[in-house]
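*Asks:* 3D, please:
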Amino acid sequence: MRVGTVDDPLVHPHRLMRRWRMGALLAVPMLVWAVWPYRTPELPVVEPTAVQTAANSAAQRPPLRLAAFDAAIWTLDPPPPTPTAPPPPLRLQLVGLLREGGTTKAVIYDPDTDELTVVAEGAKIGARTVTRVDATGVTLAEVGGGAGVRRLLMETRGTP
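*Replies:* Model prediction:
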């Protein structure tokens with residue numbers, strides 16, 4: 001606002017006072033309305049007799065079932081599974097593969113018994129069963145299924 005204009009309160013102070021009076025006239029009724037106590041209507045109260053109250057409450061209320069409070073509300077998380085020991089390392093070594101007739105057999109060295117064994121599919125060597133013999137290696141399975149399936153691969157070395 002520029003000095004000397006019509007809205008300048010220094011030039012026309014009566015306009016400023018008029019604005020204050022109008023604001024006060026509008027604020028006073030709102031203040032009275034906000035502070036005025038609110039009356040609530042009074043409702044009639046009927047006092048029941050003690051005999052009626054006991055008879056009505058017993059007839060309307062179902063019996064308390066204490067068995068409902070026996071439900072488990074909090075359940076504990078199951079304990080973490082105990083870590084199982086890893087299966088022992090497979091000490092068998094694939095020495096070579098033989099082709100007899102139409103079947104492929106594997107030559108396996110067992111360092112525990114210090115023996116060479118020639119096996120075909122379905123043969124047992126120690127606690128394992130030979131499930132597959134192919135050109136790349138031998139697949140062995142635990143008899144009880146405990147350690148799962150292991151594979152012995154034939155080492156291939158490049159020719160010089």
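*Asks:* from here on, contacts and neighbour counts on C-alpha atoms
*Replies:* Will do.
*Asks:* what pLDDT does residue 23 get?
*Replies:* Note on residue 23: pLDDT of 93.
*Asks:* isn't there a helix covering it?
*Replies:* Yes. Using DSSP: H, G, I helix; E, B strand; the rest coil, the assignment for residue 23 is a helix.
*Asks:* just want the most central residue of this protein.
*Replies:* residue 77 (12.6 Å; Cα atoms, centre = their mean).
*Asks:* using the three-state scheme, assign that residue.
*Replies:* Taking three-state DSSP, the label given to residue 77 is coil.
*Asks:* and if you look at residue 18?
*Replies:* Residue 18 is classified as helix under three-state DSSP.
*Asks:* contacts for stretch 131-140?
*Replies:* 94, 97, 104-106, 120-122, 128-130, 141, 149-154 (Cα atoms under 8 Å, 6 or more residues apart in numbering).
*Asks:* ends of it, how far apart?
*Replies:* Terminal residues of stretch 131-140 are spaced 6 Å apart (Cα to Cα, to the nearest Å).
*Asks:* relative to the whole chain's centre, how far out is that stretch?
*Replies:* 42 Å (Cα atoms, centre = their mean, to the nearest Å).
*Asks:* buried stuff in stretch 28-47?
*Replies:* Of all the residues in stretch 28-47, not one is buried under the rule 16 or more other Cα atoms under 10 Å.
*Asks:* run the chain-centre distance for that stretch.
*Replies:* 54 Å.
*Asks:* now stretch 111-124
*Replies:* 48 Å.
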